[in-house]
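K.L.:
whatever this is, show me its structure:
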Amino acid sequence: MPIRSFHAGRVFDPDAITVMALAFDAVCDHLRLKSTSDDPVTRLIAEKVIEVAQRGVSEPDLLRAMALNELSRD
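P.N.:
Below you'll find the model as predicted:
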């Protein structure tokens with residue numbers, strides 16, 4: 001499931017969406033999850049990736065690592 005389905009109401013440029021999508025897919029792969037919009041866990045992952053990206057993180061590997069780190073603390 002593309003991350004686009006999770007950022008409704010928020011505007012991102014195409015490059016940011018690409019970075020978020022790469023990070024989202026990488027987090028789901030790392031956790032061995034399918035990225036579906038009807039799964040509350042993948043929704044949480046998407047929200048965390050978007051939240052970290054909104055802080056200005058624009059490198060996919062760093063975004064993935066930070067999202068995983070924050071998810072492990074939550």
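K.L.:
roughly how far apart are the residue nearest to residue 58 when sequence neighbours are not counted and residue 73?
P.N.:
Spatial nearest neighbour of residue 58, excluding adjacent residues (Cβ to Cβ, 6 or more residues apart in numbering): residue 19 at 5.6 Å. The C-beta positions use only the backbone N, C-alpha and C, and glycine is treated the same way. Per Cβ to Cβ, to the nearest Å, residue 19 is found 22 Å from residue 73.
K.L.:
more neighbours: these two, which one.
P.N.:
Legend: neighbour count by other Cβ atoms under 10 Å for residue 19 and residue 73, higher for residue 19 (23 against 6).
K.L.:
hang on, residue 28 packs against residue 35?
P.N.:
Yes: Residue 28 lies in contact with residue 35 (Cβ atoms under 8 Å); the separation is 4.5 Å.
K.L.:
name the residues of the longest helix seen in the chain that are buried.
P.N.:
In the chain, assigned by DSSP state H, the helix with the most residues is helix 14-30. For helix 14-30, a neighbour-count test (16 or more other Cβ atoms under 10 Å) marks 16-17, 19-28 as buried.
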